[in-house]
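Asker: Could you look at this predicted model? Sequence included:
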Amino acid sequence: MSNHPTPAHGESTDVVESIVPLMPIVLPVGGAILIFLLAFIAVFMS
């Protein structure tokens, strides 16, 4: 049996690798939104 190499289909972009450079922006913004929503719920329930 001959071993045929599989042809490369170009550069496949990984979803995780495309998000990693944005983490220093996404995490603080997401945390701020979460804290704001939790504080709003706490004030609204009291």
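Answerer: Done, it's in.
Asker: For residue 45, see how far away the most centrally placed residue in the chain is.
Answerer: What sits nearest the mean C-alpha location of the chain, by C-alpha atoms, centre = their mean, is residue 19, with 4.9 Å. According to C-beta to C-beta, to the nearest Å, residue 19 stands 34 Å off from residue 45. C-beta coordinates here come from the backbone N, C-alpha and C atoms, glycine included.
Asker: now the residue nearest to the residue nearest to the centre of the chain when sequence neighbours are not counted: how far from residue 3?
Answerer: Closest residue in space to residue 19, ignoring its immediate chain neighbours: residue 26 at 7.6 Å, by C-beta to C-beta, 6 or more residues apart in numbering. Going from residue 26 to residue 3 by C-beta to C-beta gives 44 Å.
Asker: okay, the two: which has more neighbours?
Answerer: Applying other C-beta atoms under 10 Å to residue 26 and residue 3 shows that residue 26 carries more neighbours, namely 12 against 4.
Asker: Output the helix or strand containing that one as PDB - backbone C-alpha positions only.
Answerer: In this structure, residue 26 sits in helix 23-45 according to DSSP states H and E. C-alpha atoms of helix 23-45 as PDB (Å, rounded to 0.1, in the frame of the first residue of the first chain):
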ATOM      1  CA  MET A  23      -8.500  38.700  26.000                       C
ATOM      2  CA  PRO A  24      -7.000  41.800  27.700                       C
ATOM      3  CA  ILE A  25     -10.000  43.800  26.400                       C
ATOM      4  CA  VAL A  26     -12.800  41.300  26.600                       C
ATOM      5  CA  LEU A  27     -12.200  40.100  30.200                       C
ATOM      6  CA  PRO A  28     -12.400  43.500  31.900                       C
ATOM      7  CA  VAL A  29     -15.300  44.700  29.800                       C
ATOM      8  CA  GLY A  30     -17.200  41.400  30.500                       C
ATOM      9  CA  GLY A  31     -16.400  41.700  34.200                       C
ATOM     10  CA  ALA A  32     -17.600  45.300  34.400                       C
ATOM     11  CA  ILE A  33     -20.800  44.400  32.700                       C
ATOM     12  CA  LEU A  34     -21.300  41.400  35.000                       C
ATOM     13  CA  ILE A  35     -20.700  43.600  38.200                       C
ATOM     14  CA  PHE A  36     -23.000  46.300  36.900                       C
ATOM     15  CA  LEU A  37     -25.800  43.800  36.300                       C
ATOM     16  CA  LEU A  38     -25.300  42.200  39.700                       C
ATOM     17  CA  ALA A  39     -25.400  45.600  41.400                       C
ATOM     18  CA  PHE A  40     -28.500  46.600  39.500                       C
ATOM     19  CA  ILE A  41     -30.300  43.400  40.500                       C
ATOM     20  CA  ALA A  42     -29.300  43.900  44.100                       C
ATOM     21  CA  VAL A  43     -30.600  47.500  44.200                       C
ATOM     22  CA  PHE A  44     -33.700  46.500  42.300                       C
ATOM     23  CA  MET A  45     -34.500  43.600  44.700                       C
END
